[in-house]
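Asker: Everything below, folded, please.
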Amino acid sequence: MTVLLPAIIPVAFIIMIGVIAGKTLTLHKKTLSQLSVYILAPALVADSLYTTTISVQNATRLLLGVFIVAFILFLLVYLTSYILKFPSITRKSLIATSLHPNNGNMGLPLVDFSLGAEGLERAIIYMIGSSILLFGIAPAILAGTSFKNSFKVTLKLPLIWAMLAGLSLRLLRITLPFNLGEALHLLGRAAIPVALIILGMELVNTSFKVTNFELISLNFRLVLAPLIALSVGMIIQLPPLDLQVFILQSAMPTAVNTIPGFLTN
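Answerer: Residues are numbered from 1 along each chain as shown. Sure, this is the predicted structure:
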């Protein structure tokens with residue numbers, strides 16, 4: 001708790017600024033979201049992978065862990081839905097809310113404040129894996145689209161191209177001229193506060209209602225997911241810092257961008 005409080009308090013402070021801004025200023029969330037998704041977040045990913053200290057082996061383990069945790073959660077949610085005889089729409093909703101943590105808007109700043117730059121590098125790797133699940137695999141499972149179409153959607157993600165760009169710069173040992181690397185770094189650092197402000201603005205129009213569904217989803221997302229992550233991380237032998245990031249990212253609440261379109265079929 002002594003480690004997390006110095007991380008939680010500044011994150012909550014920036015979110016509260018977003019809440020106040022959402023209530024008092026005429027800001028367009030769509031514009032801010034596009035700025036974050038298409039410019040700032042990709043810059044953060046590219047810069048992190050360009051300058052990362054994490055080894056390919058550890059990055060691969062982290063990504064593998066993301067997929068294993070999601071698969072185990074999927075099986076548990078599906079089994080629970082079967083036992084409780086949930087209708088299809090409820091089962092899909094529970095899968096969507098349980099499998100997709102908010103490891104971008106909330107997870108990245110929490111890791112950054114609590115575990116520093118090296119932790120942030122690993123949190124970004126986790127976010128990349130989570131984004132592949134959210135946009136590449138989940139639509140095929142929940143909406144019944146083909147994996148080919150889902151793969152095409154994944155290739156359109158700015159994060160994927162930013163990942164490829166950052167890795168290419170690093171592997172080819174390219175040094176960006178004219179301080180362009182510093183410019184990329186500055187853009188990336190802007191991603192975290194802007195994401196938190198957007199999250200605060202989202203909370204302004206969010207209604208809070210707790211039913212049995214929310215309680216079940218909350219337990220999957222905030223209790224079972226980090227426990228599963230702890231077990232999986234130990235089995236695949238993640239180093240201490242990687243394991244800390246892995247558990248913390250897995251313990252994030254449900255992402256605000258869980259796609260409602262998954263639930264239409």
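Asker: Identify the residue spatially nearest to the residue most central in space within the chain, adjacent ones excluded.
Answerer: Centrality entry for the chain: nearest residue to the mean C-alpha point is residue 103, 2.9 Å, by C-alpha atoms, centre = their mean. In this structure, residue 103 finds its nearest non-sequential neighbour in residue 249, 4.4 Å apart by C-beta to C-beta, 6 or more residues apart in numbering. C-beta here means a position set from N, CA and C on the backbone, and glycine is covered the same way.
Asker: mind checking which helix or strand that neighbour is in?
Answerer: Per DSSP states H and E, residue 249 falls inside helix 240-250.
Asker: need the contact list for the residue nearest to the centre of the chain.
Answerer: Shown in contact with residue 103 (C-beta atoms under 8 Å, 6 or more residues apart in numbering): 123, 126, 127, 130, 249, 252, 255.
Asker: then the helix or strand where residue 21 lies to PDB, C-alphas only?
Answerer: Taking DSSP H and E as the definition, residue 21 sits inside helix 5-24. Only the C-alpha atoms of helix 5-24 are listed here, as PDB (Å, rounded to 0.1, in the frame of the first residue of the first chain):
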ATOM      1  CA  LEU A   5      -0.600   5.200  -2.600                       C
ATOM      2  CA  PRO A   6       2.000   7.500  -4.200                       C
ATOM      3  CA  ALA A   7       0.800   6.100  -7.500                       C
ATOM      4  CA  ILE A   8      -2.900   6.100  -6.900                       C
ATOM      5  CA  ILE A   9      -3.200   9.700  -5.500                       C
ATOM      6  CA  PRO A  10      -1.600  11.500  -8.500                       C
ATOM      7  CA  VAL A  11      -3.600   9.300 -11.000                       C
ATOM      8  CA  ALA A  12      -6.800  10.100  -9.100                       C
ATOM      9  CA  PHE A  13      -5.800  13.800  -9.100                       C
ATOM     10  CA  ILE A  14      -5.500  13.900 -12.900                       C
ATOM     11  CA  ILE A  15      -8.700  12.000 -13.300                       C
ATOM     12  CA  MET A  16     -10.500  14.500 -11.100                       C
ATOM     13  CA  ILE A  17      -9.200  17.300 -13.300                       C
ATOM     14  CA  GLY A  18     -10.800  15.500 -16.200                       C
ATOM     15  CA  VAL A  19     -14.100  15.300 -14.300                       C
ATOM     16  CA  ILE A  20     -14.000  19.000 -13.500                       C
ATOM     17  CA  ALA A  21     -13.000  19.800 -17.100                       C
ATOM     18  CA  GLY A  22     -15.900  17.600 -18.400                       C
ATOM     19  CA  LYS A  23     -18.400  19.500 -16.200                       C
ATOM     20  CA  THR A  24     -17.100  23.000 -16.800                       C
END
